[in-house]
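> Build me a model:
(one chain, ligands or ions: 1)
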Amino acid sequence: MLALSANGRLPKADYAIFADTGWEPRAVYRHLDRLEKEIAAPAGIPILRVSSGNIRRDALDPGHRFASMPLYILNQDGKQGMTRRQCTGEYKIKPIKRQVRELLGYPYPQRIPKDIFVEQWVGISTDEFHRAKDADVRYMRNRHPLIDLGWSRTDCVRYLSSLGLADTPKSSCLGCPFHGNAQWRHIRDTSPDEWQDVVEFDAAIRQGNARANAGGNRLLGQAFLHRSRVPLDQAPIDHVTAAEWAARQQELDDRAPMEEELENGVVDGCSPWACRAEADLVRDDFGLAS
Ligand code: SF4
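Numbering: from 1, shown residues only. A predicted model of the protein is given here:
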């Protein structure tokens, strides 16, 4: 959408906002710098980088209130569970709202008049139109320009390729539990130090987040980044048996959602105003509602 706006195919945006969790892959930060230099700056569109902190550091800091990541839990009785996802709200939505309020001239806790709002573009394509949602505050009105243009994911990739941006990396925390095996393998096989980083983090959160433990609110079970609930450096991110492989070939056109998720990650992953934790976000306005 930034490129479409810079190139005049969409109206010129006043700003682009990047919510930085502090733990994106290096490739994403490099790509953002490139977008800023080659596309945003020449078009006069400022990229505002906003943040609520560093999600990795906060999870391991006993003194820091931590908004939980969606970790896979193995309870003492062998039952499986997941922790409630609060991180998208805390590390993405909250700093964006704070920034928008400042742009409008009504920083929290000022009340924003009814007729003052921003138009916020959210980059949902036609093949995921079910993710298009309204904002949960009056001072933001969501629009979905890619859907208005009728653009699918393939159209977007084709357009990015035409601009020399075919290698656009997927944005998400380096150690996001929503990664599928393909993403875990990509980190392991292309960036040994980032792999080391996520393996260490996975080991460090085995007993849950540090603040809860320090407060005597210990997790009665174990937490993992990989859905197999096995330590990441031993998790079956490569394992595909011959029988599974054969079945996979047959089912390629009709892939079971579960398998797709295992390989490529949670489809409705982490995206502000487009994630499946929408209900949680509506319930919790992070003190920034109008
Ligand atoms: S990318 Fe994953 S870990 Fe990071 S904020 Fe989103 S859901 Fe949480």
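> Might you report the residue contacts of the residue of the chain found nearest the ligand?
Here the residue of the chain nearest the ligand is residue 270; by C-beta to the nearest ligand atom that distance is 2.7 Å. Every C-beta, even on glycine, is put in place using the N, C-alpha and C of the backbone. Counting by C-beta atoms under 8 Å, 6 or more residues apart in numbering, residue 270 makes contact with 87-88, 92, 172-173, 176, 178.
> secondary structure class for it?
Put simply, residue 270 is coil when judged by DSSP: H, G, I helix; E, B strand; the rest coil.
> Before we move on, what's the pLDDT of it?
Predicted confidence (pLDDT) for residue 270: 78.
> What part of this structure, helix or strand, is modelled with the least confidence?
None of the helices or strands of the chain scores lower by mean pLDDT, DSSP states H and E than helix 278-283, at a mean of 36.
> hey, where'd the strands end up in the stretch 1-150 of the chain?
Assigned by DSSP state E, counting those that start in this stretch, the strands in the stretch 1-150 of the chain fall at 16-19, 47-50, 72-75, 80-82, 118-121, 140-143.
> Please identify the deepest-packed of those.
strand 16-19 (a mean of 20; mean count of other C-beta atoms under 10 Å).
> now what about that one, what contacts it?
Here strand 16-19 makes contact (C-beta under 8 Å, 6+ apart) with 2, 32, 40, 45-51, 91-93, 95-96, 99-100, 272.
> Can it be said to contact the ligand?
No: with C-beta under 6 Å from any ligand atom as the criterion, the ligand is not reached by strand 16-19; the gap is at least 8.7 Å.
> then that strand to CSV, C-alphas only?
Taking C-alpha atoms only, strand 16-19 is exported to CSV below (Å, rounded to 0.1, in the frame of the first residue of the first chain):
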residue,chain,number,x,y,z
ALA,A,16,2.9,5.1,7.4
ILE,A,17,3.2,3.5,10.8
PHE,A,18,5.4,0.5,11.7
ALA,A,19,4.7,-1.0,15.1
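> list the helices and strands the biggest helix by length in the chain packs on?
Ranked by number of residues, the top helix in the chain under DSSP state H is helix 192-204. Packing partners of helix 192-204 (3 or more C-beta pairs under 8 Å, 6 or more residues apart in numbering; DSSP states H and E): helix 55-60, helix 181-190.
> Flag every buried residue along that helix.
By 16 or more other C-beta atoms under 10 Å, the buried positions in helix 192-204 come out as 194-195, 197-199, 201-202.
> Between those residues, which sits nearest residue 160?
residue 194 (23.2 Å; C-beta to C-beta).
> contacting residues for that closest one?
Here residue 194 is in contact with 25-26, 174, 187 (C-beta under 8 Å, 6+ apart).
> Then residue 198?
With contact set as C-beta under 8 Å, 6+ apart, residue 198 has these partners: 174-175, 184, 187, 225, 232.
> Counting neighbours, which of the residues you listed comes out on top?
residue 225 (26 neighbours; other C-beta atoms under 10 Å).
> That residue against residue 178, yeah?
No: in this structure, residue 225 is not within contact of residue 178 by C-beta atoms under 8 Å, at 9.7 Å.
> Bridging across strands, which residues link to residue 222?
residue 74 (DSSP bridges).
> ok, back up a step: ok now the longest helix of the chain, how far from the chain's centre?
19 Å (C-alpha atoms, centre = their mean, to the nearest Å).
> What residues sit buried inside whatever helix or strand comes next after it?
Next in sequence after helix 192-204, counting helices and strands by DSSP states H and E, comes helix 210-214. For helix 210-214, burial by neighbour count (16+ other C-beta under 10 Å) applies to 210-212.
> Format those as CSV; extra columns: distance to residue 123 and pLDDT.
Converted to CSV, the buried residues of helix 210-214 look like this (distance: C-beta to C-beta, whole Å; pLDDT from 0 to 100):
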residue, distance to residue 123, pLDDT
210, 34, 76
211, 33, 75
212, 34, 74
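> okay, the residues you listed in CSV with distance to the ligand next?
Shown next, in CSV, are these (distance: C-beta to the nearest ligand atom, whole Å):
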residue, distance to the ligand
210, 16
211, 16
212, 17
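> and the stretch 151-290 of the chain, which residues reach the ligand?
Listed as neighbours of the ligand in the stretch 151-290 of the chain under the rule C-beta under 6 Å from any ligand atom: 172-173, 176, 178, 270.
> And the furthest pair within these?
173 and 178 (8.9 Å).
> Of the contacts of residue 198, just say which sits nearest to residue 56.
residue 175 (6.9 Å).
> contacting residues around the closest one?
Neighbours of residue 175 in contact, by C-beta under 8 Å, 6+ apart: 23, 56, 197-198, 201-202, 225.
> Brilliant, that's me finished.
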